[in-house]
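Enquirer: okay, sequence plus prediction incoming.
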Amino acid sequence: MRQLKFKPIGFVHSPFHKREEIDPARNVRPGGFSKVEGSLEIDERYAAGLRDISGFSHLIVIFVFHQSSTAKLRVKPPFERRTRGVFSTRSPHRPNPIGMTVVRLLGRKRNILKVCGLDMLDGTPILDIKPYTAKERKRGVRRGWMHKNIKNTNRKEA
């Protein structure tokens, strides 16, 4: 298989500087991450790609778990007693440390996107941004093992 190489298109500016600050098992906050504000700074070379983005309320951000060093196929999610397969979780300890999150777009000033709903560390490399559209909303969604975890539905799932 050929080697894949990705270059960040920008970086996250977040109030979270250490992994411990963002770990839901250690840092429970009302409303989860929905009110956490920050910005996405897109490299000037890619700023033209932000044209027309202001019309969207939410964005999908694809990023690198840049402080995750070990891949694990079984992980113990926050608030759980047993381990789960990594692909049934949102754990950063993945074979390819790629993450995805949805943020609310508050505004744009040149190459800076002001957002809320940040659940990423400061300095997180951004690989791509896509608009969140009605296509992403699905009917009949099942939450697998997470269905029992009703009290944590407003927080980022493990």
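Expert: Now that the structure is in, tell me what you want to look at.
Enquirer: which strands and helices sit next to the longest strand along the chain?
Expert: Using DSSP state E to define each element, the chain has its longest strand at strand 98-109. Under the contact criterion of 3 or more C-beta pairs under 8 Å, 6 or more residues apart in numbering; DSSP states H and E, strand 98-109 touches strand 58-64, strand 112-116. Just so you know, the C-beta spots here come from the backbone N, C-alpha and C atoms, and that holds for glycine as well.
Enquirer: the helix or strand just after the shortest one to strand 58-64, inter-axis angle?
Expert: Heading C-terminal from strand 112-116, the first helix or strand you meet, by DSSP states H and E, is strand 125-131. An angle of 160 degrees separates the directions of strand 125-131 and strand 58-64 when computed by axes from the mean of the first three to the mean of the last three C-alpha atoms, to 10 degrees.
Enquirer: list the buried residues in strand 125-131.
Expert: By 16 or more other C-beta atoms under 10 Å, the buried positions in strand 125-131 come out as 125-129.
Enquirer: given it, what are its sheet partners and their directions?
Expert: strand 10-13 (antiparallel), strand 58-64 (antiparallel) (DSSP bridges).
Enquirer: any idea which helix or strand comes after the helix-or-strand element of the chain with minimal mean pLDDT?
Expert: Of all the helices and strands that make up the chain, helix 19-22 has the lowest average by mean pLDDT, DSSP states H and E, namely a mean of 77. Downstream of helix 19-22, the first helix or strand assigned by DSSP H and E is strand 37-42.
Enquirer: and that next one, what other elements does it pack with?
Expert: strand 10-13, strand 112-116, strand 125-131.
Enquirer: quick one: which of those is nearest residue 69?
Expert: Closest to residue 69 of the helices and strands packed on strand 37-42 is strand 125-131 (C-beta to C-beta; 14.8 Å).
Enquirer: what comes into contact with the closest one?
Expert: Residues from elsewhere that reach strand 125-131, judged by C-beta atoms under 8 Å, 6 or more residues apart in numbering: 6, 8-12, 40, 42, 53, 56, 58-64, 66, 98, 113.
Enquirer: for it, what is the average pLDDT?
Expert: Averaged across strand 125-131, the pLDDT comes to 97.
Enquirer: thinking again about what came up before, what is the nearest of the buried residues of strand 125-131 to residue 108?
Expert: The closest of those to residue 108 turns out to be residue 129 (C-beta to C-beta; 11.3 Å).
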